[in-house]
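Undergrad: Fold the following, please.
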Amino acid sequence: MKRHNAEDAMQNAKCKMQGANFHFSSFISHFALVMFALLAQILVLRPSVHAAELPTVEVGLPEDGLFGLGGQYILDKGLDKKNGFVMKPRWAGVPEIQRLLGIKAISVGLMTPEAGLRANLRDIPIRFIQPYQTSHMFVLVRKDAPYSSVEELKGKPVALTSEVTTLYNLFDFMMRKRGLNIEKDFQLKKLGAPVIIAVLEKGEVEAGLIWESHVSRLLATGRYRTLLGFRDELSRLLNVKVMPVIWLAGLEPWVKENPALVTALRAAWTEAYRGVQQDEAHFRKYAKLFFGLEKDEELAVAWPRTKIFLLPADFTWPDAATLRAQKSWLREGVEMGMFEKQAAGLIDGMYVP
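TA: Residues are numbered from 1 along each chain as shown. This next block holds a predicted model:
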């Protein structure tokens, strides 16, 4: 009897120990699951919390061209977050981006010096933050045309864009420096890019002024040649190695309120123009979207031609020689009647130190 009682007591003790071990094991398992869940939540939330802490900058980006390609590069490579901000793209055509800056709907976006100067004349305080590319525009003629210089086109029909465009203004400046008045000395047909190409192909004009990558597409046919490149001509006329014509700009109140973001934007766009020219795969990936290029023969011509219009990899801004050339072309434009006389007093304040 006592033996049975002792065995029963031992059995009960054993059961209690097993129960205790079970409860302890369950507690450990539950604790481990809770901690794992918490850790997983931290790991999931951490990037979004970090991203939420970064300031967001809405930037007007063109839907085509090199500047748009650079903006896409920043997004793809995470150069915005690397430099401490989140870039929110506002994709639009160049005129629309400039209009949005003009009505202060956005604070940062693509701008050209002459458009910025005209905006400042209307009390819209545009400030140039960071240069990105040189002029990628050309005067094209048919391959068998008899012309060897632009001057020989005097009196001939020539297709180009309207007075509000950079192409028109740069051509006007260069021709004035050569003693020509484009409105009087050429038969100008002011058209959009597709129509410029169409009238050139139909033989309705003797020359067409157009930009990359339209130039590469036309050259790839073997039927055309370039008569004048804007980039080289501007460098010659202004005696400067690098002459940017397309910039990242911002409204003055935003620029003054966000000096750290100005520095961050400069860093990201510098990485962009240095990176894009080394990344043919990026160009080819977006060639159709930003340039309308698909054929292998077009891409083969376009890539080496297009990348040279980005600023040189060793270029850094601010650059004293480039700044002098920028101000010089605008001041000369004022002197030659391209801009109102009061514009001369606005030029120095347009560029962010």
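Undergrad: For this structure, which segments count as strands?
TA: Along the chain, counting by DSSP state E, strands occupy 56-62, 86-92, 108-111, 126-134, 137-142, 157-160, 187-190, 207-211, 224-229, 244-251.
Undergrad: Name the strands paired with the third one and say parallel or antiparallel.
TA: When you say that, I think you mean strand 108-111. Strand 108-111 has the following sheet partners, assigned by DSSP bridges: strand 56-62 (parallel), strand 244-251 (antiparallel).
Undergrad: who's in contact with the last one?
TA: With contacts defined as Cβ atoms under 8 Å, 6 or more residues apart in numbering, strand 244-251 is touched by 59, 66-67, 101, 104, 107-113, 116, 124-135, 166, 170, 230, 234, 262, 265, 269, 311, 322, 326, 352. C-beta here means a position set from N, CA and C on the backbone, and glycine is covered the same way.
Undergrad: Just the buried residues of these.
TA: The neighbour count (16 or more other Cβ atoms under 10 Å) marks 59, 66-67, 101, 107-113, 116, 124-135, 166, 170, 230, 234, 262, 265, 269, 311, 322, 326, 352 as buried among these.
Undergrad: quick one: low-confidence ranges for this protein?
TA: Low-confidence segments of the chain (pLDDT under 70): 1-52.
Undergrad: which residue ends up closest to the midpoint of it in space?
TA: Taking Cα atoms, centre = their mean as the criterion, F67 is the residue nearest the geometric centre of the chain, at 2.8 Å.
Undergrad: how about that residue, what does it touch?
TA: 61, 110, 132-133, 246.
Undergrad: ok, those vs P157, which is closest?
TA: Among those, I246 lies closest to P157 (Cβ to Cβ), at 28.2 Å.
Undergrad: Could you give the bridge partners of the closest residue to that closest one other than its chain neighbours?
TA: Excluding the flanking residues, the one nearest I246 by Cβ to Cβ, 6 or more residues apart in numbering is Q133, at 4.8 Å. Counting by DSSP bridges, Q133 forms beta bridges with I246, L310.
Undergrad: who are the neighbours in contact with Q133?
TA: Contact analysis of Q133 by Cβ under 8 Å, 6+ apart lists 66-67, 70, 244-246, 273, 309-311.
Undergrad: Please parse this protein into its domains.
TA: 1-53, 56-132+244-293+303-350, 137-238 (automatic domain parsing).
Undergrad: what's the span of the last one from first residue to last?
TA: Using Cα to Cα, to the nearest Å, the end-to-end distance of domain 137-238 comes to 17 Å.
Undergrad: of all the contacts of Q133, which two lie farthest apart?
TA: Longest span within these, Cβ to Cβ: G70 and V245, 14.3 Å.
Undergrad: More neighbours: those two, which one.
TA: G70 (29 against 24; other Cβ atoms under 10 Å).
Undergrad: what sits against the residue lying closest to D185 once chain neighbours are set aside?
TA: With sequence-adjacent residues excluded and distances taken as Cβ to Cβ, 6+ apart, D185 is closest to K154, at 5.0 Å. Neighbouring residues of K154 by Cβ under 8 Å, 6+ apart: 180, 185-186.
Undergrad: rerun at 10 Å
TA: 175, 180, 184-187 (Cβ atoms under 10 Å, 6 or more residues apart in numbering).
Undergrad: Now restrict those to buried residues only.
TA: 175, 180, 185-186.
Undergrad: Okay then, goodbye and thanks.
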